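Trainee: Dropping the sequence and predicted coords here.
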Amino acid sequence: MKTLLTRSISGLLFVGLVILSLIVDKAYSLLLFTVVVGLGLFEFHRLFSTHRKQKNNWPVTVISGLIFFLVLSFPSFANQLDPLNDYSSYRIFWPLPIVLFALMHALTKNGISPLLFLFGLMYISIPFFLASEIHFNDTSALPKILGVFLLVWTNDTFAYLSGNLFGKHKLYEKISPKKTWEGFAGGLVFTLLMGYILDTYVFNEFLYRNHFWLAAAVLVSPAAVIGDLFESGLKRKMKVKDTGSIMPGHGGILDRFDAILFAIPVFYIWDLIITLY
């Protein structure tokens, strides 16, 4: 009971913090994304270095990954502050030298694997870069990226509840013994319901295509589950329960954002297709 209460309180505080950062000012969103990327990269590289009993070169890998994220994301943030100038060209020249520097350091110091470093960028930095692209280029009064978080949170919450109440058939027992097909179905149904609510009552005054959020829910729900399973697979391979302990009852940053890391790229592609066609 105490664990459930702790988990609920920390979860509500987390949700409140994310919502406030998304709706108050985009500078707070950039700060939130930066903190999450930094902590996520730290947890990711610590996970692998601990497993392999290597010296932890997290300052280089985390700082390089953070700079990579900021160089990609900041131009869009600057564009919405100064619409008369286009800062997008700046991101073309800087990320590659940053990555090359980190790779050379990894090779010469016998530190973290270059492929693992690139994997960390793809797994953590790129999804939040895409999140910043969605958010900073969004001129709506109500942030589009908030809708993505609401879909993912709905899926997580009702998959957990449905699995506990009705779960009998394991979804992928080898990786995550507690996840069931009943939980997956419950999460999908309520995520579709949230998509309908977003279409009908929340974003109904904005110029989105008909059933935009309902269709997004169809894509986001399985992507969120795959993201959760993927992170569970990493932890099982490394033989750890959580990637960290920053959030009481939830674990680390990666434990909390695992579904988002897969859902955002899927939504970004969906949104891009709708925008182009």
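Mentor: That came in fine, so what should we check first?
Trainee: quick one: average confidence on the helix or strand containing Val37?
Mentor: According to DSSP states H and E, Val37 maps onto helix 26-52. For helix 26-52, mean pLDDT rounds to 87.
Trainee: ok, then the element right after that helix?
Mentor: Of the helices and strands lying after helix 26-52 in sequence (DSSP H and E), the nearest is helix 58-81.
Trainee: Confirm Lys241 sits in a helix?
Mentor: No - read with DSSP: H, G, I helix; E, B strand; the rest coil, Lys241 is coil and lies in no helix.
Trainee: wait, what's in contact with it?
Mentor: Lys235, Gly251 (C-beta atoms under 8 Å, 6 or more residues apart in numbering). Yep, even glycine has a C-beta here, placed from its N, CA and C like the rest.
Trainee: measure it to His211 for me?
Mentor: Look at Lys241 and His211: by C-beta to C-beta, to the nearest Å, they are 40 Å apart.
Trainee: same check, this time on Ile126
Mentor: From Ile126 over to His211 the distance is 28 Å, taken as C-beta to C-beta.
Trainee: More neighbours: which of these two?
Mentor: The residue with more neighbours, out of Ile126 and His211, is Ile126; 19 against 14, by other C-beta atoms under 10 Å.
Trainee: Verify the contact between the more buried one and Pro265 for me.
Mentor: Yes - under the criterion of C-beta atoms under 8 Å, Ile126 makes contact with Pro265 at 7.4 Å.
Trainee: How many residues are close by Leu81?
Mentor: Leu81: 11 surrounding residues under other C-beta under 10 Å.
Trainee: what do you get for Gly183?
Mentor: Other residues near Gly183 come to 25 when the count uses other C-beta under 10 Å.
Trainee: swap in Ser21?
Mentor: Ser21: 19 neighbours (other C-beta under 10 Å).
Trainee: just use 9 as the starting number from now, easier for me
Mentor: Happy to do that; since the first residue is 9 now, the last one works out to Ser29.
Trainee: Next, the contact list for it, please.
Mentor: With C-beta under 8 Å, 6+ apart, Ser29 has these contacts: Tyr36, Ser37, Leu39, Leu40.
Trainee: name the element it belongs to?
Mentor: Short version, using DSSP H and E: Ser29 is in helix 10-31.
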